[in-house]
Every structure is written in C-alpha cells, then in structure tokens.
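Engineer: give me the fold of what follows.
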Amino acid sequence: QVQLVESGGGLVQAGGSLRLSCAASGRTFSRYVIGWFRQAPGKEREFVASISWSGISTHYADSVKGRFTISRDNAKNTVYLQMNSLKPEDTAVYYCAASQSPVRTTAAYAYWGQGTQVTVSS
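Structural biologist: Presented below is the predicted three-dimensional model:
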C-alpha cells in the first residue's frame, strides 16, 4: 500500500512557476507509476502527467506539454511537478496518484493524495 501527500500549491500570477511535490510512504513506492491529475470547480478530474517507476518514461497532457515537467527521486520517495508559464486555466486542485499501469485514466490509479490547491491569477 502507498500513502501520498501533496504539497507546494499556492497562489501565483500568470506566467509564474510552482513546484509541486508528492511524498510517498510505503516500501513499494518505486514499483508504481505516479500520475498528476487536476480538477477545476465544476469539471471532471483530468490527467496532467505521469512518470514510470524508473523515471525514464513520461507522458503529458497536450495542455501542459512544454510547460510542465514531471520527475521522481525514488531514494526520497518523492515525485515532483515543475509548472512553468502558468495560465489562469491551470487553476485547480492537483492530485498525485499511484498506479501499476502507465495509463491516463483515473480508474487505473488505486492510491490518491488529498490534493493541493493551485490558483493562477491573471
């Protein structure tokens, strides 16, 4: 089992940057694909990015490609989401989640954090 805790959210102006962290507990953390998802008010939760257990394979939603970077440090049991050139439409609660499959659907992710709020002002 894996427990996940997100941090690093906050309020930032458009064009700014934030780095989110996802700290995990559990001895098998390094075996999981870790994904970041986000959910804006009134909208469904959507895929943002994912990273394989080795860190070699990454995937991004088209809306964040070129602006966000996902990385992981298995020695620290932590996954990061570096977010640059933020836009107001990036405003949402951001969640990290763990899956045994490198997919983009929320149903494939068995473990979820509590979320961290990101607000981008125009």
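Engineer: roughly how far apart are the residue nearest to the spatial centre of the chain and residue 94?
Structural biologist: Ranked by distance to the mean C-alpha position of the chain (Cα atoms, centre = their mean), the top residue is residue 36 at 2.4 Å. Counting by Cβ to Cβ, to the nearest Å, the separation of residue 36 from residue 94 is 6 Å. Quick note: C-beta positions are derived from backbone N, CA and C, even for glycine.
Engineer: same question for residue 25.
Structural biologist: With Cβ to Cβ as the criterion, residue 25 and residue 94 are 19 Å apart.
Engineer: these two: which is more packed in?
Structural biologist: Using other Cβ atoms under 10 Å as the criterion, residue 25 and residue 94 rank with residue 94 on top: 23 against 11.
Engineer: any idea which element that one lies in?
Structural biologist: Residue 94 is part of strand 92-99, with elements assigned from DSSP states H and E.
Engineer: what pairs with that strand, parallel or antiparallel?
Structural biologist: strand 33-39 (antiparallel), strand 109-112 (antiparallel), strand 116-121 (antiparallel) (DSSP bridges).
Engineer: what segments of the protein are strands?
Structural biologist: All strands of the chain, identified by DSSP state E, fall at 3-7, 10-13, 18-25, 33-39, 46-51, 58-60, 68-73, 78-83, 92-99, 109-112, 116-121.
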